[in-house]
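Asks: Give me the fold of what follows.
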Amino acid sequence: MLETERHRIILSAVQERPVVSVADLCALTGVSEATVRRDIAQLHLTKKLRRVRGGAEAVHPPQFVGINARPFAINETINIAQKRAIAQAAVDLCEDGDAIIINGGTTTFQMVHPLTTKRLQVFTNSFPIAEHLLKQSKNTVLLPAGAIYREQNIILSPFDADGSSHFYAKRMFMGCRGLGPLGLMEGDPLLVQAEQKLIGQADELIVLADSSKFGQRSSLLLCPLARIHTVITDDGIDDRAAAMLQAAEIRLIVAPVAAPAKKTRAQEE
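Replies: Just a heads-up that it's a prediction; the model follows:
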């Protein structure tokens, strides 16, 4: 990743929440702590952010504090082939007339393309999912009440009366921060609160998680493994993660990821 790209990501992150740790910035940029610390020092000298112990903060912190989650624009570029394969497998579970819930996220967003051929009732807290389905499909789309968190493109409300309690679904599709023996993990209390409300409105919880999510952890537990009906992942899942799901009697669907097309000699020239 180029230095200018790292700086853009770092500045976006510090605008989203009060303080961002070096570890978080390493995860966002995919570089070493030493590189992140140099970037922070350089941005501090140019007065684009303020260096603090263990991380960085905005020079002018936003009045409206965001949530502890990666920006949508950054997340959607990660493991894109895996996300598309997983999303297609998720849509294959849907039949015309079904009522479903789609929680906001970059993996669930990839469901919008195959969903254009369906006619479903879709309740979603994702602004881009709703916008795409309204423009490109004949699905019925419902949204909850709440505030739009711009960085994550998600609609959240701290109140119970957001409209979600009036919608009942056959299945709920959602991504996650991490997935381990204790269950499904998230990164922000407001996300946990909103997603727990939605989970209670569906018969089956379908988790869309690329294979990297089995190695990721968070301090907030959203729900135990026992609540999950199905996990859809890619063919990079290891035997240990598969055995964990089998022991919990969770249905596992592995979506094969298509290999990238090889360039012809003419294309290379």
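
Asks: State whether Leu222 is indeed within a helix.
Replies: No: read with DSSP: H, G, I helix; E, B strand; the rest coil, Leu222 is strand and lies in no helix.

Asks: My read is that it contacts Glu195, right?
Replies: Yes: with contact defined as Cβ atoms under 8 Å, Leu222 counts as touching Glu195 (5.9 Å). All C-beta atoms are positioned from the backbone trio N, CA, C, and that covers glycine.

Asks: what do the two both touch?
Replies: Common neighbours of Leu222 and Glu195 (criterion: Cβ atoms under 8 Å, 6 or more residues apart in numbering): Glu186.

Asks: quick one: buried residues of the helix or strand hosting His132?
Replies: With secondary structure defined by DSSP states H and E, His132 is part of helix 127-136. Using 16 or more other Cβ atoms under 10 Å as the test for burial, helix 127-136 gives Phe127, Pro128, Ile129, Ala130, His132, Leu133.

Asks: Where does pLDDT dip in this structure?
Replies: Within the chain, the stretches with pLDDT under 70 are 16-18, 61-74, 151, 259-269.

Asks: Now do the helices in it.
Replies: 3-16, 22-29, 33-45, 72-75, 80-91, 106-109, 112-115, 127-136, 189-199, 239-247, 265-268 (DSSP state H).

Asks: Determine which stretch of those is the most buried.
Replies: With neighbours taken as mean count of other Cβ atoms under 10 Å, these reach their highest mean count in helix 106-109, at a mean of 24.

Asks: Extract the CA atoms of that one and return them as CSV.
Replies: Written as CSV, here are the backbone C-alpha positions of helix 106-109 (Å, rounded to 0.1, in the frame of the first residue of the first chain):
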residue,chain,number,x,y,z
THR,A,106,-19.5,-5.3,2.9
THR,A,107,-20.1,-9.1,2.5
THR,A,108,-23.8,-8.8,2.7
PHE,A,109,-23.7,-5.9,0.3
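
Asks: how far out from the middle of the chain is that helix?
Replies: Taking Cα atoms, centre = their mean, to the nearest Å, the mean C-alpha location of helix 106-109 is offset from the chain mean by 6 Å.

Asks: Just list what that helix packs against, helices and strands only.
Replies: helix 72-75, helix 80-91, helix 127-136 (3 or more Cβ pairs under 8 Å, 6 or more residues apart in numbering; DSSP states H and E).
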